[in-house]
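Asks: Return a 3D structure for these sequence lines:
(one chain, ligands or ions: 1)
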Amino acid sequence: MSNFDNIRIVLVNTSHPGNIGGAARAIKNMGLSRLYLVAPKEYPADRAVWRAANALDVLDNAVVVGDLDEAVAGCGLVVGTSARGRRITWPLLNPRECGERVWREAEQHDVAIVFGREDRGLTNEELHKCTYHVHIPSNPDYSSLNLAAAVQVLCYEVRMASMADAEGTLPSFDEWDQPPAKAQDLEMYFQHLEQALVDIGFHDRDNPRQTMTRLRRLYGRIRLDEMELSILRGVLTAIQNAAYRMKKAIESKG
Ligand code: SAH
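Replies: Numbering: from 1, shown residues only. Prediction:
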């Protein structure tokens, strides 16, 4: 297995099948192979085949899924792309740093780079599922690249990182004794956390403010590992049990 095999390019809700073909070609040109399509508007399609040229194998092996969670299940790192700044700041990589980190981490686990819709990018909810965001520097007056062109740039940076690695010039990152928590386990954790915060009266689902977003960002900055995540889940269950016992005790008195 090479690191390339552990890298998924995820396209969310793509409208134009030509862009899917163009992305497939960019992926193969740069030595990657795994394409995930989240609910594409029009697929399979002749225009995708036409634009893919000799990257038909990438299209043939593309995995079509219903939502982003499915596309990133099993990934230890998820990077989201954005054509413009968002309201809430998020840990940001430039394309070079993205290539380096994606390449390094793909030595150990699956990694996803997620691309948004042609007309409106990724939703905030989707972006908040990502540990890092990456923005391709571009003209501030016209910052959004064509989808397949954006895929090309980021796959190129992965290729540059692979070459630096072969030459021994790629920076290394801190070694860690536990694997990072996987995307689907983090999602379960955030659901559990939200429920526990409701149970203890801290959080109101009808008036959520930015609480869960900020907590996602906090945990993302820490990069929880699998062991830490399972401890935290145990803590939440204990808190919920304590809240339940207190409620029962109050009910039995009243
Ligand atoms: N109007 C949309 C632009 C979507 S462009 C918006 O403002 O968000 C379609 C997709 O291409 C984006 O979701 C992103 O995945 C990618 N993309 C386009 N330009 C980019 C840029 N400058 N940096 C990073 N990704 C970009």
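
Asks: Show me where the stretch 151-254 of the chain has its helices.
Replies: 183-199, 211-222, 226-253 (DSSP state H, counting those that start in this stretch).

Asks: CSV for the ones you listed, including mean pLDDT?
Replies: Below are these laid out as CSV (pLDDT from 0 to 100):
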stretch, mean pLDDT
helix 183-199, 98
helix 211-222, 96
helix 226-253, 96
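
Asks: Please identify the deepest-packed of those helices.
Replies: helix 183-199 (a mean of 17; mean count of other C-beta atoms under 10 Å). Backbone N, C-alpha and C define where each C-beta goes, glycine included.

Asks: quick one, that one and helix 211-222 angle?
Replies: 140 degrees (axes from the mean of the first three to the mean of the last three C-alpha atoms, to 10 degrees).

Asks: list the helices and strands helix 183-199 packs on?
Replies: helix 68-72, strand 75-81, helix 211-222, helix 226-253 (3 or more C-beta pairs under 8 Å, 6 or more residues apart in numbering; DSSP states H and E).

Asks: Minimum distance to H128: which of these has it?
Replies: helix 211-222 (5.2 Å; C-beta to C-beta).

Asks: packing partners for the closest one?
Replies: helix 183-199.

Asks: picking up where we left off before, between the helices and strands packed on helix 183-199, which one is closest to the ligand.
Replies: Closest approach to the ligand among the helices and strands packed on helix 183-199 (C-beta to the nearest ligand atom): strand 75-81, 3.6 Å.

Asks: now that closest one and helix 226-253, what's the angle there?
Replies: Using the same axes, to 10 degrees: strand 75-81 against helix 226-253 is 90 degrees.

Asks: so how far is strand 75-81 off the chain centroid?
Replies: Distance of strand 75-81 from the chain centroid (C-alpha atoms, centre = their mean, to the nearest Å) equals 3 Å.

Asks: strand partners of that strand, parallel vs antiparallel please.
Replies: strand 110-115 (parallel), strand 132-134 (parallel) (DSSP bridges).
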